[in-house]
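Undergrad: coordinates only, sequence not included:
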């Protein structure tokens, strides 16, 4: 597993504070990173399933994905007669 990058940590911290966050608001809250770097990192985090993007007209929102445990389900075979 790769070590989290500082930009990833910062983005995920900011997303913990709110349910949904518009991209422009996220950029404003993380002035230590430029827009391009934030966009690329959001894209990467989305591909990894760590954030969920919702696209609207002229705006998109980001939210942190919830951790879902994947418990394998066993399907019992019907009894044989």
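TA: Sure, I can see it. Since the model is a prediction, treat every value here as computed from it, not as a measurement.

Undergrad: Which residue comes closest to residue 19 once chain neighbours are left out?
TA: residue 63 (6.2 Å; CB to CB, 6 or more residues apart in numbering). For glycine as for every other residue, the C-beta is placed from the backbone atoms N, C-alpha and C.

Undergrad: Which parts of this protein are helices?
TA: 6-16, 23-29, 35-47 (DSSP state H).

Undergrad: Other residues contacting the second one?
TA: Residues outside helix 23-29 that contact it (CB atoms under 8 Å, 6 or more residues apart in numbering) are 11, 14, 15, 35, 38, 39, 42, 59, 60, 61, 62.

Undergrad: Neighbour-wise, which one of those residues leads?
TA: residue 11 (24 neighbours; other CB atoms under 10 Å).

Undergrad: Enumerate every residue touching it.
TA: 26, 30, 38, 41, 42, 45, 51.
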